[in-house]
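Participant: Sequence first, then the predicted structure:
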Amino acid sequence: MSSLHLVCPQCDSVVRVPADRLDQQPRCPKCHSELLADHPLELNAARFEKHLLRNDLPLVVDFWAPWCGPCRMMAPHFEEASRRLSTKARFAKVNSDDEPALSSRFNIRGIPTMIVFDKGQEAGRQSGAMDLATLIRWLTPFL
């Protein structure tokens with residue numbers, strides 16, 4: 001039986017979970033939170049690295065800002081994709097205004113920009129707002 005490492009969305013502990021238990025709402029043994037959040041995580045620079053490197057599921061990051069109209073327009077679609085694909089990927093949001101070093105590190109030139117990371121490496125990137133169907137269609141090859 002294979003297992004995956006997941007970073008707890010609450011306490012950032014790394015937890016090993018059997019792959020066949022992902023759809024059974026596994027919980028963190030340390031803080032008892034659900035390991036597979038049905039909403040995007042808010043990541044800052046301090047938490048980003050652990051979620052990037054220690055999760056075995058792909059990490060889908062939305063770089064956004066509160067003042068950005070297209071970002072606000074896309075937010076409900078990103079939230080719904082997170083709900084639908086919670087056992088296939090970890091979804092996170094990074095506020096580019098609050099985390100300029102992360103935005104610079106990943107060469108974010110426009111927002112919203114989504115980046116899919118697999119095993120810590122960038123696997124795909126898309127700039128601009130997407131509706132739910134387009135977002136899921138874009139993500140499917142990476143999951």
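Facilitator: Now that the structure is in, tell me what you want to look at. All values derive from a computational prediction rather than experimental measurement.
Participant: Point out the other helices and strands that the longest helix seen in the chain packs with.
Facilitator: Criterion DSSP state H: the longest helix present in the chain is helix 69-84. Helix 69-84 is packed against strand 59-64, strand 90-95, helix 132-139, with contacts defined by 3 or more C-beta pairs under 8 Å, 6 or more residues apart in numbering; DSSP states H and E. Placement of C-beta: from N, CA and C, glycine included.
Participant: which residues of the chain score low on pLDDT?
Facilitator: Counting by pLDDT under 70, the chain contains low-confidence ranges at 1.
Participant: Of all residues in it, which one is nearest the centre?
Facilitator: Among the residues of the chain, F91 comes closest to the average C-alpha position under C-alpha atoms, centre = their mean, at 2.1 Å.
Participant: so that one touches L85, yeah?
Facilitator: Yes. Distance between F91 and L85: 7.5 Å, which falls inside the contact criterion (C-beta atoms under 8 Å).
Participant: Could you list which residues are in contact with the residue nearest to the centre of the chain?
Facilitator: For F91, the contact set (C-beta atoms under 8 Å, 6 or more residues apart in numbering) comprises 37, 39-41, 60, 62, 78, 81-82, 85.
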